[in-house]
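Undergrad: Make a model of this:
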Amino acid sequence: MSEIGEALGTASEGGLWARVAGRKQGNAIPPDGEPGGECLNCGTALVGSFCQACGQKAHIHRSISGILHDLVHGVLHLDGKLWNTLPLLLFKPGRLTREYIEGKRARHVSPMAMFLFSVFLMFAVFQAVGLTTPSDISPEISGATHAEASRGLEAERDRLEKVIASLPADAPARSEAESDLKAVEDMIDGMTLGGRIRAGSPVQIDANITGIKSIDEGIVAKWRKNPTLMLYKLQSNSYKFSWLLIPLSIPFVWLLFLWRRQYKAYDHAIFVTYSLAFMSLLFITLSLLGTIDALGFGVFAALLVIPPIHLYKQLRGTYSLSRFSALWRLMALSLFIWIVVILFLQALLVLGAF
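TA: Numbering: from 1, shown residues only. Below is the predicted model:
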């Protein structure tokens with residue numbers, strides 16, 4: 001299957017999951033009954049356009065065009081709620097979060113539905129633009145073979161250093177040799193998998209990923225055996241278990257409001273979920289703009305500037321904070337975000353190894 005085909009499949013899957021998460025009882029398939037008749041779902045006498053007992057519409061379609069409408073609506077979840085929610089999520093996230101917490105939900109897509117759809121759409125776009133794991137990584141070399149390869153790379157490094165030293169500074173061949181030396185040094189560094197090669201034979205690798213020896217050894221063994229499969233599992237699990245970011249983040253947000261008892265864990269969950277949905281939409285936009293070479297610097301700048309501004313506005317609006325209170329909480333939350341990301345990556349590594 002092509003990358004675009006996989007992307008469309010991923011987007012459809014995300015839309016359907018979001019549809020399930022955001023479904024209300026009143027969104028059932030509408031019946032083709034006459035006004036004043038009985039609901040075809042539960043048999044209750046109809047008074048208006050909807051059944052007052054189960055919420056089903058008083059009219060259903062039995063046409064191909066109706067099926068196509070349901071397909072587009074179910075997969076993409078394009079209804080009035082989305083267009084009411086998106087502007088607030090982008091420009092007034094604090095107001096959106098506060099309204100949902102206070103119960104004003106009829107006009108808004110639920111945070112979980114928004115999160116699921118945006119996350120699955122994000123990975124679909126990543127596949128479409130080619131931001132996927134490489135598929136041609138050779139298995140990690142171990143034992144005596146690893147030692148031989150290391151010695152060969154070190155010998156090539158020594159040779160290139162001598163060549164560079166013998167060439168004039170302005171010689172064209174010197175630049176080429178320096179480039180080759182950099183590549184060899186990167187290969188030597190890469191063979192350690194971020195750990196340290198011990199002296200002796202066979203070569204062993206120290207990896208302190210989770211701090212649990214048996215798990216760390218399992219992760220390194222899986223990487224050595226088939227790094228391509230390991231990376232694929234990481235990518236696959238990253239969106240299948242993206243919801244883990246929510247429970248991982250809630251305790252850190254709770255710490256920021258430990259002494260403000262009026263805010264409960266539920267409030268923080270809504271805040272986190274809408275914030276993650278926005279970040280997914282931002283990554284979608286920037287990944288599409290990143291395909292245009294001329295916008296490379298602008299995309300990088302946007303990635304640095306937009307998230308803290310959005311988070312600041314959401315903090316102020318959701319929790320009714322002063323500028324100073326929102327600012328110091330933003331700084332603390334920026335640190336907590338890195339902790340959450342590290343914990344999430346560790347969880348993905350464990351899930352990919354077992």
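Undergrad: Helix or strand: which one has the closest residue to Lys92 other than its chain neighbours?
TA: Nearest non-adjacent residue to Lys92, counting by Cβ to Cβ, 6 or more residues apart in numbering: Gly317, 6.7 Å away. Yep, even glycine has a C-beta here, placed from its N, CA and C like the rest. Element membership of Gly317, judged by DSSP states H and E, is helix 296-319.
Undergrad: That helix: what's the following helix or strand?
TA: By DSSP H and E, the next helix or strand past helix 296-319 is helix 323-353.
Undergrad: what about the helices in this structure?
TA: All helices of the chain, identified by DSSP state H, fall at 3-22, 64-76, 80-91, 93-101, 111-129, 143-166, 172-190, 213-225, 227-240, 245-256, 265-289, 296-319, 323-353.
Undergrad: The shortest one versus helix 111-129: what angle between them?
TA: For helix 93-101 against helix 111-129, the angle between stretch directions is 130 degrees (axes from the mean of the first three to the mean of the last three Cα atoms, to 10 degrees).
Undergrad: tell me the mean pLDDT over helix 93-101?
TA: Throughout helix 93-101, pLDDT has a mean value of 95.
Undergrad: Can you report phi and psi for Cys39?
TA: In terms of degrees, to the nearest 10, the main-chain angles of Cys39 are phi -70, psi 130.
Undergrad: Would you mind listing the residues in contact with Leu244?
TA: 344, 347 (Cβ atoms under 8 Å, 6 or more residues apart in numbering).
Undergrad: gap between it and Gln346?
TA: 11 Å (Cβ to Cβ, to the nearest Å).
Undergrad: Ok, Pro251 next?
TA: Remark: distance between Pro251 and Gln346 (Cβ to Cβ) = 16 Å.
Undergrad: what do you get for Phe241?
TA: From Phe241 across to Gln346, the span is 12 Å (Cβ to Cβ).
Undergrad: With Gly94 instead?
TA: Using Cβ to Cβ, Gly94 is found at 31 Å from Gln346.
Undergrad: So if I had to pick from the two, which one is more boxed in?
TA: Neighbour totals were compared for Gly94 and Gln346, and Gly94 leads with 22 against 15 (other Cβ atoms under 10 Å).
Undergrad: List the buried residues for stretch 106-123?
TA: By neighbour count on 16 or more other Cβ atoms under 10 Å, the buried set for stretch 106-123 is 108-123.
Undergrad: just to revisit the earlier point, the helix holding Gly317 vs helix 80-91, what angle?
TA: Relative orientation of helix 296-319 versus helix 80-91 (the same axes, to 10 degrees): 100 degrees.
Undergrad: contacts for helix 296-319?
TA: By Cβ under 8 Å, 6+ apart, the residues outside helix 296-319 that reach it are 92-95, 97-98, 101, 257, 260, 263, 267, 271, 274-275, 278-279, 282, 286, 289-290, 321, 323, 326-327, 329-330, 333-334.
Undergrad: where does the stretch 251-354 of the chain have low pLDDT?
TA: 353-354 (pLDDT under 70).
Undergrad: And the helices of the chain: which comes nearest Phe50?
TA: With Cβ to Cβ, the closest approach to Phe50 among the helices of the chain belongs to helix 80-91: 15.5 Å.
Undergrad: Report the buried residues of stretch 323-338.
TA: For stretch 323-338, a neighbour-count test (16+ other Cβ under 10 Å) marks 326, 329-330, 333, 336-337 as buried.
Undergrad: what's the burial count for the nearest residue to Leu181 once chain neighbours are set aside?
TA: Spatially, and ignoring its direct neighbours in sequence, Leu181 is nearest to Leu160 (4.3 Å; Cβ to Cβ, 6+ apart). For Leu160, the count of nearby residues is 19 (other Cβ under 10 Å).
Undergrad: how's this structure carved up into domains?
TA: For the chain, whose domains are defined here by automatic domain parsing, the residue ranges read 79-138+226-354, 143-208.
Undergrad: The nearest residue in space to Ser49 that is not next to it in sequence and Cys42: what is the separation?
TA: The shortest distance from Ser49 to any non-neighbouring residue, by Cβ to Cβ, 6+ apart, is to Ala58 (5.2 Å). Using Cβ to Cβ, Ala58 is found at 12 Å from Cys42.
Undergrad: Equivalent analysis for Leu345, please.
TA: For Leu345 relative to Cys42 (Cβ to Cβ), the value is 48 Å.
Undergrad: and the gap between Arg261 and Ala177?
TA: Distance, Arg261 to Ala177, by Cβ to Cβ: 66 Å.
Undergrad: In terms of neighbours, single out the busier of these two.
TA: Between Arg261 and Ala177, Ala177 has the larger neighbour count (other Cβ under 10 Å), namely 20 against 7.
Undergrad: Gln91 - how many residues pack around it?
TA: For the record, residue 91 is Phe, not Gln. 11.
Undergrad: for Pro307, that is, sorry about that
TA: Neighbours of Pro307 (other Cβ under 10 Å): 16.
Undergrad: Compare Ala58 and Cys42 and say which one has the larger neighbour count.
TA: More crowded of Ala58 and Cys42, by other Cβ under 10 Å: Ala58, with 21 against 13.
Undergrad: For stretch 180-187, give me every contacting residue.
TA: 153, 156-157, 160-161, 164.
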